[in-house]
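Asks: Prediction below, plus the sequence it came from.
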Amino acid sequence: MSKRIVVDPVTRIEGHLRIEAEIENGKITDAYSSGTMVRLLEEILKGRDPRDAWAFVGRVCGVCTSVHSLTSVRAVEDALDIVIPPDAELVRNIMFCAQYMHDHVVHFYHLHAMDWVDVVNALKADPKKTSEIAQSISNWPKSSPGYFSDLQKRIGKFVESGQLGIFSNGYWGHPAYKLPAEINLIGLAHYLEALEWQKEIVKIHAVFGGKNPHPNYLVGGMACSISKDDISGINAERLSLVHQLLKQGKEFIEQVYIPDLMAIAGFYKDWASIGGGLGNYMVYGDLPTNGYRDVSSYKIPPGVILNKDISKIHEVDLRKDDEVQEFINHSWYEYKGGDKVGLHPWKGESKVKYSGPKPPFEFLDTTQKYSYLKTPRWKGQAMEVGPLARLLVAYGRGNKEVKEIVDKALTDLQVPVTALFSTLGRTAARGLESILAARWGLEFYDSLIANIKNGDTRMANTDKFEPDTWPAKAVGVGHSEAPRGALAHWINIEDRKIANYQLVVPTTWNASPRDGNGKMSAYEAALMDTPVADEKQPLEIIRTIHSFDPCLACAVHLYDEQGKHISRIAVVGD
Amino acid sequence: MQQTAPAKLPTYYDEVERKGYSRRDFMKFVTMMAAFMGLEKSAIGQIAQALQNKPRVPVIWLHFQECTCCSESFIRSSHPLVADILLDQISLDYTETLMAASGHQAEEAMHNTMTKYKGEYILCVEGSVPTGADGVYCMIGGKTSMQILEEAAEGAKAVIAWGSCACNGCVQSAKPNPTSATPIHKLLKGKPLIKVPGCPPIGEVMAGVIVHLVTFGTIPELDGIGRPKAFYSKRVHDSCYRRPYYDAGLFVNSFDDENARKGYCLYKVGCKGPSTYNACGITKWNGGTSFPIQSGHGCFGCSEANFWDNGRIYERAAAFPGFGIEADADTVGKVALGVTGAAIAAHAVMTNIRKNKLIKNITVQGQESEKELDT
């Protein structure tokens, strides 16, 4: 007899996610993923200036901040045939790498680590032994016995206070925690160090985009002019700051994040055969080095893998009508053509219609519609997107740099390549990708310096910035690889205004409800057969879900054509 | 607003004693707590001691219709560091972004704080509340955000509205506001409320508000619409290092032109600094690294109510009705920004603050260059 459990809210994510799972004999036999918040941004974008869209859609997400803005300016530039200057491409790429470095580190330590690291158990660690372990896995200087002992005292005092704050009601002591106390203490120390570090790397966004979260972008390039001889632009001082931050970021990733990841992974090898899920992976590609439209110049190559067959990489075309389509069989929407059709985003429609239970409720009726996420499919297939997909596609294409990094990690952990198709594989891929992002950030920096030296200081192409230079009608698609996976925006411009704007985002691919054929998307598929030791403490469920790095605000974003069924209830105040 | 020092928070032991339980009962509870937290028996004595001491200020941080940029900005604070805030100053008992527990355990942590610290905890709200379709556009744990807000606000000592979503509805409330995204001051009554607008607010400003509450035990001094005066009493325009170029009539005409490279004023390419109250020009962003104008892009007014509907981003602010000359910048606040009665009063207060001699001189210069600009 199976039992249904609910995890809502799933915390340490962006947005509002609910998981319902059937458990029988200590294993998950069925799973449902539901997005429970919606803002209808696409309706809000209609009729607005396409040049402003990046700011609106940037607000889709403040965690993977900047990726929607980047994707949006690319969509508009694609529609209007605008080619940005090389320096602007490099600055965007540097910001992209800084974003990966920030987002992946924050995900590992602040959103994911507590699934593996038992914080309270760290109090039992021997500081001297902790120091020895820390020094054996890394050259990171903060590793003396005194350092760990002081930290332990501080945390001890914190726990003694009885107010555990963000650690309250955690699953401490759960049998699925496997780390020795000393590794727990190292993890906790680096949780706090990473919290301090992360505010530094994003200063790169502040230099080029004025602030973070939500740095500024510009259709046609970037607004941060290079002015070697003025205090107000990107000058030698600003560039030195960026250089230093990139170097420090690389150090932290190589000396803290990766050694921790490998040390922790070594104790959780059983998770290399749990949480695999679909086995289909998709990547749109990113980091152009010769313009957005030259896909062959991308550092991150695009492609699709089916059924874990990395020997064959399929091509993706976002402009083709029959490749990417969105379905609503289990989503709280209505299509004019009914629930059976799938729509390409340029023809996308999404009239929201909630038909779930009236809150407060205990369970969703998952035989009916049960999420605000639509269900995207590629040629009818469910796809997993994200760091693992990116590494696998690059690996499958024989990318030397990726192959080298992945093979080294597999050798170090003594696991076969098939171990990648798992919860642990997803978590490891994110770390390995950070090494690449840190390297590439410095490469792009060097190229930017070389360009400036050669006298090319152009940062924006404003030839078509004014709307009177635009055609009456235009369509474009902007795509990128957000930290969480393949992201694309489709725009229709008419009379110099946005006529339609559609986003299909990574978490929609991963977290969507099942399709009309009853086929699961990535989260649901990955949860199948996951062991659950204590159904009151869903630690194993959140481990696998967190391995995807959910971002729900991104995933839910549609428009309502009518807007009429929405009643406004009385509010107090003005 | 409440300005008096708060009563001392009762400790766990005070509370237990008040309820008539014995020392023995208390120790039983402590032992249970220790077991619950997975601690060794040796920790029991330490817990007992701590429970008899003063607690850190409990905080519940709710997330509704938002993008989590406020939480992200908060953890960017350089002074104080967020680790220090979390470990030494507050007890952040519920936040969907950082807390270890999920699901029932997360909800339980929130309810424990609501019960144990009734009347003492600070409620932080990130995000707007959708009131359309009976609230189903934002549900957590099977409840609507409206239901959760009402429950959590009841026992709160004070409420902080983080960011433009909670303060004015932000992007989801832009026209046509399809989900009826509503700022929280319209839903809550009778609670001291601090508005900290911005998309997001500056990290150090957020930390500053928390530290003020914890250190002084009072609410910081607020302006007429509930924003801390310390951070929101100056227009970006008045604290902008490019202001002399404005006064001299030197403007960027298009992005990356010669004037942009010289760092001239961005007013003609859409800067909304003249109608935006925020600390960007002084505190700056990310530990003082930069702010939008310094990095070549105009301010688009993200801390002002309804900023998404106040004209296009690259549209020169002069095109707004009522914004002819610099002296009328506050009129912009009233007419173009469509603010409420309370807000107009606040702008009047700001006007008085601004009208010290120094700023008046700047204003006169501004008027002159504005006239030149229009001719």
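Replies: Thanks, I have it.

Asks: what about residue 225, neighbour count?
Replies: By default, I'm working from chain A. 27 (other Cβ atoms under 10 Å in any protein chain shown). Every residue, glycine included, has its C-beta placed from N, CA and C.

Asks: wait, chain B
Replies: For residue B:225, using other Cβ under 10 Å, the count is 23.

Asks: And for the one 10 residues further on?
Replies: Counted by other Cβ under 10 Å, the residues lying close to residue B:235 total 23.

Asks: Can you tell me how far it is from chain A?
Replies: 17 Å (Cβ to the nearest Cβ, to the nearest Å).

Asks: Now that residue. Nearest residue, chain neighbours left out?
Replies: residue B:277 (5.7 Å; Cβ to Cβ, 6 or more residues apart in numbering or on different chains).

Asks: what bits of chain B have low per-residue confidence?
Replies: In the prediction, chain B carries residues with pLDDT under 70 at positions B:1-54, B:318-375.

Asks: how is it carved up into domains?
Replies: The record's domain parsing of chain B by automatic domain parsing lists B:1-55, B:56-220, B:232-374.

Asks: Quick one: end-to-end distance for the longest one.
Replies: When you say that, I think you mean domain B:56-220. Terminal residues of domain B:56-220 are spaced 19 Å apart (Cα to Cα, to the nearest Å).

Asks: Likewise for stretch A:346-365?
Replies: Using Cα to Cα, the end-to-end distance of stretch A:346-365 comes out at 31 Å.

Asks: what about that stretch, average pLDDT?
Replies: Mean pLDDT, stretch A:346-365: 93.

Asks: Next, the buried residues of that stretch.
Replies: A:346, A:348-352, A:354, A:356-357, A:359, A:364 (16 or more other Cβ atoms under 10 Å in any protein chain shown).

Asks: Distance to chain B and secondary structure for those residues - can I get that in a markdown table?
Replies: Converted to a markdown table, the buried residues of stretch A:346-365 look like this (distance: Cβ to the nearest Cβ, whole Å; DSSP: H, G, I helix; E, B strand; the rest coil):
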| residue | distance to chain B | secondary structure |
| --- | --- | --- |
| A:346 | 21 | helix |
| A:348 | 16 | coil |
| A:349 | 14 | coil |
| A:350 | 11 | coil |
| A:351 | 11 | strand |
| A:352 | 8 | strand |
| A:354 | 5 | coil |
| A:356 | 7 | coil |
| A:357 | 8 | coil |
| A:359 | 5 | coil |
| A:364 | 8 | coil |
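
Asks: Pick the one among these closest to residue B:207.
Replies: The closest of the buried residues of stretch A:346-365 to residue B:207 turns out to be residue A:359 (Cβ to Cβ; 34.2 Å).

Asks: measure that closest one to residue A:372 for me?
Replies: As judged by Cβ to Cβ, to the nearest Å, residue A:359 and residue A:372 stand 14 Å apart.

Asks: which stretches of chain B form strands?
Replies: In chain B, the strands defined using DSSP state E lie at B:57-63, B:90-95, B:121-126, B:129-130, B:139-140, B:143-144, B:156-162, B:181-182, B:193-196.

Asks: Please identify the deepest-packed of those strands.
Replies: Among the strands of chain B, ranked by average contacts under mean count of other Cβ atoms under 10 Å in any protein chain shown, first place goes to strand B:129-130 (a mean of 31).

Asks: where does residue A:444 land in three-state SS?
Replies: helix (DSSP: H, G, I helix; E, B strand; the rest coil).

Asks: In contact with it: list those residues for me.
Replies: A:90, A:93-94, A:97 (Cβ atoms under 8 Å, 6 or more residues apart in numbering or on different chains).

Asks: just these that are near chain B?
Replies: Among these, no residue lies close to chain B (Cβ under 8 Å from any Cβ of the partner chain).

Asks: and residue A:427, what helix or strand is that in?
Replies: Secondary structure assignment for residue A:427, by DSSP states H and E: helix A:423-453.

Asks: right, I mislabeled it, should have said residue A:196
Replies: Going by DSSP H and E, residue A:196 is in helix A:181-201.

Asks: Which strands and helices lie in contact with that helix?
Replies: helix A:86-106, helix A:127-137, helix A:145-160, helix A:236-252, helix A:258-266, helix B:82-84 (3 or more Cβ pairs under 8 Å, 6 or more residues apart in numbering or on different chains; DSSP states H and E).

Asks: just checking, next helix/strand downstream of that helix?
Replies: Criterion used, DSSP H and E; the element after helix A:181-201 is helix A:203-209.

Asks: What average pLDDT does that following helix get?
Replies: 98.

Asks: got the CA coordinates for that helix in CSV?
Replies: Provided in CSV are the C-alpha atoms of helix A:203-209 (Å, rounded to 0.1, in the frame of the first residue of the first chain):
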residue,chain,number,x,y,z
LYS,A,203,31.3,43.1,-8.5
ILE,A,204,32.2,42.2,-12.1
HIS,A,205,28.5,42.8,-12.9
ALA,A,206,28.6,46.1,-11.0
VAL,A,207,31.6,47.3,-13.0
PHE,A,208,29.9,46.6,-16.4
GLY,A,209,26.2,46.7,-15.5
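
Asks: Okay, buried residues for it please.
Replies: Applying 16+ other Cβ under 10 Å to helix A:203-209 flags A:203-209 as buried.

Asks: Same question for stretch B:303-323.
Replies: Applying 16+ other Cβ under 10 Å to stretch B:303-323 flags B:303-308, B:310-311, B:313-314, B:316-317, B:320, B:323 as buried.

Asks: So which of those residues would count as near chain A as well?
Replies: B:308, B:313-314.

Asks: Would you work out how far apart the start and end of stretch B:271-287 are?
Replies: First-to-last distance for stretch B:271-287 - Cα to Cα - comes to 23 Å.

Asks: And the helix holding residue A:427, what's buried?
Replies: Per 16+ other Cβ under 10 Å, helix A:423-453 contains these buried residues: A:423-445, A:447-448, A:451-452.

Asks: Check what pLDDT residue A:25 gets.
Replies: On the pLDDT scale, residue A:25 gets 94.

Asks: Next up, the contacts around it.
Replies: Counting by Cβ under 8 Å, 6+ apart, residue A:25 has no contacts.

Asks: and the gap between it and residue A:485?
Replies: From residue A:25 to residue A:485 the distance is 33 Å (Cβ to Cβ).

Asks: What's the per-residue pLDDT of the residue most central in space within chain A here?
Replies: Closest to where the C-alpha atoms of chain A average out (Cα atoms, centre = their mean) is residue A:484, at 2.2 Å. pLDDT for residue A:484: 97.

Asks: who are the neighbours in contact with it?
Replies: Counting by Cβ under 8 Å, 6+ apart, residue A:484 has contacts A:64, A:385-386, A:505-507, A:510, A:548-551, A:554.

Asks: What sits closest to residue 118 if chain neighbours are left out?
Replies: If you meant another chain, say so; for now it's chain A. residue A:177 (4.1 Å).

Asks: wait, I meant chain B there
Replies: Using Cβ to Cβ, 6+ apart, the closest residue to residue B:118 is residue B:155 (4.0 Å).
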